[in-house]
Every structure is written in C-alpha cells, then in structure tokens.
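[1] What would the 3D arrangement of this be:
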Amino acid sequence: PNRRARPGPPPPALDLFDLDEQFASEKVRLAKLTNKCTEEHLDFYITQSAEILGITEKLPEGKRGAKACLEVILRELANWKKISHDTSMG
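    Next up is the predicted model:
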C-alpha cells in the first residue's frame, strides 16, 4: 500500500512517557516531587510545584521563577483569607 508521509516529526515512542505521571492526581505528583527533593532543590521544588498546580500559567513566559510563583501563591492566599473572613463576618 502507498502511504503518505505525515508532516512534521514522527510521534515519540510510548516508552518515553511515564503514564503514571501523566494521569496521576496533583496530590500524588506533589508527593512524588516532595520525596525526591531536598533543601538544595528548593527553587526547583517551588517551580515544579507551581507547574503542577497551574500557577505558572498565570505568569508571563519569562517570569516563572520561584520568587514569582511564591508571590502568586501568597497573593491568592491573602485574597482567599480576606474573602473567607468577609463572608464569615456577615
């Protein structure tokens, strides 16, 4: 049979994907990351955690470092606490 070549690079071999990683919940992925990182990997841990939690999507492409990720987390936490405090006060 005459097959036409697909445009672009060939698809990657399936053995290159960690399917458990792809389909794992955020909680499981964070637990695995926590278990393999030490204090020496703090920047990596913060940026990878932010990636898992979808925080990096809220940042511009060139501003996705650990400090920027922590700023977003702290800002959102402060807003959440403010909203939850306002609603509990009536």
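[2] and the helix or strand hosting residue 29, which residues are buried?
    Under the criterion of DSSP states H and E, residue 29 resides in helix 26-36. Using 16 or more other C-beta atoms under 10 Å as the test for burial, helix 26-36 gives 29-30, 33. Every residue, glycine included, has its C-beta placed from N, CA and C.
[3] for that helix, packing partners?
    Judged by 3 or more C-beta pairs under 8 Å, 6 or more residues apart in numbering; DSSP states H and E, helix 26-36 is in contact with helix 42-52.
[4] Which residues does the helix it packs on contact?
    Contact with helix 42-52 is made by 26, 29-30, 33-34, 37, 56, 64-66, 69-70, 72-73, as judged by C-beta atoms under 8 Å, 6 or more residues apart in numbering.
[5] Now with 10 Å, please.
    Helix 42-52 is contacted by residues 24-30, 32-34, 36-39, 41, 55-59, 64-70, 72-73 when judged by C-beta atoms under 10 Å, 6 or more residues apart in numbering.
[6] what angle sits between that helix and helix 26-36?
    With axes from the mean of the first three to the mean of the last three C-alpha atoms, to 10 degrees defining the directions, helix 42-52 sits at 170 degrees from helix 26-36.
[7] If we go by neighbour counts, what in helix 42-52 is buried?
    For helix 42-52, a neighbour-count test (16+ other C-beta under 10 Å) marks 45-50, 52 as buried.
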